[in-house]
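J.: based on what follows, work out the 3D shape:
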Amino acid sequence: MIRVRRSAERGHFDHGWLDTYHTFSFAEYHDAAHMGFRKLRVINEDRVAPGKGFGTHGHRDMEILTYILQGALEHKDSMGNGSVIRPGDVQRMSAGTGVTHSEFNASKAEPVHLLQIWILPERANLKPGYEQNTFTPEERSNRLRLVASGDPRDGAVRIHQDADVFASILDPGKEVRHALRAGRHAWVQVARGAVKLNGQALSAGDGAAVGGEDALRVAASAPSEVLLFDLA
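T.: This is a model prediction of the structure:
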């Protein structure tokens with residue numbers, strides 16, 4: 001079964017410096033029917049104006065992934081980490097017992113477009129941690145590249161949860177396939193472009209919850225970028 005969450009149905013707020021869409025309930029946006037999917041709790045699509053960003057704020061007991069689509073995001077945190085995250089970079093921050101951080105558009109001229117993803121951890125009160133890796137367009141081109149996992153391999157960043165996160169950049173007419181083991185579920189998020197998921201048309205910003213399927217076929221009808229979450 002595939003249940004589609006259309007882009008236009010998401011929570012949307014335009015704060016001037018921040019244009020944001022919430023796939024699931026977040027902050028002042030509350031939708032009891034969309035509180036997350038399995039252990040996937042947040043997918044926010046953010047566009048941050050040049051030189052603007054999120055001042056220092058705190059989190060705890062959450063696995064936070066940042067995936068940049070365009071531009072660059074400057075990160076600083078209470079663990080002493082500081083970096084600029086660009087397209088192809090995947091950043092994982094385990095908030096655990098508590099961490100503070102800030103995120104600002106690193107450019108004074110261009111906006112930054114990103115996805116911020118929260119996954120519930122396997123247990124509370126983990127030690128805070130940070131990891132970042134780069135996955136080239138070639139690594140993600142017309143294939144599913146593992147970028148984050150509870151069982152990290154091939155350079156994927158580690159998340160403290162039974163989940164695999166894949167990224168793919170698809171050319172028109174190309175497709176990727178993913179087998180789902182018995183009892184597993186999936187979420188597919190279209191970051192840009194247009195695809196068909198097992199024949200179901202999805203556009204940029206659309207997401208889909210998948211259960212009871214043996215396999216997924218994601219076929220692009222336009223230049224596309226997708227994330228696929230394999231979840232317990």
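
J.: can you verify my assumption that residue 213 contacts residue 1?
T.: Yes. With contact taken as CB atoms under 8 Å, residue 213 and residue 1 are classed as touching, separated by 7.2 Å. (C-beta placed from N, C-alpha, C; glycine too.)

J.: looking at the two, which is more packed in?
T.: Using other CB atoms under 10 Å, the more surrounded residue of residue 213 and residue 1 is residue 213, with 17 against 8.

J.: now for the closest residue to that one other than its chain neighbours: which residues touch it?
T.: Of all residues beyond its chain neighbours, the one nearest residue 213 is residue 180 (5.8 Å), with distances taken as CB to CB, 6 or more residues apart in numbering. Residue 180 makes contact with 186, 210, 213, 214, 215, 216, 230 under the criterion CB atoms under 8 Å, 6 or more residues apart in numbering.

J.: quick one, phi/psi of the residue nearest to residue 142 when sequence neighbours are not counted?
T.: If you skip the residues right next to it in sequence, residue 142 has residue 174 as its closest partner in space, 4.5 Å away by CB to CB, 6+ apart. The phi/psi pair for residue 174 (degrees, to the nearest 10) reads phi -90, psi 160.

J.: what's the neighbour count on residue 174?
T.: Counted with other CB under 10 Å, residue 174 comes out at 17.

J.: please apply the same query to residue 88.
T.: Applying the criterion other CB under 10 Å, we find 18 residues in the vicinity of residue 88.

J.: tell me how far it lies from residue 36.
T.: In this view, residue 88 and residue 36 are 26 Å apart by CB to CB, to the nearest Å.
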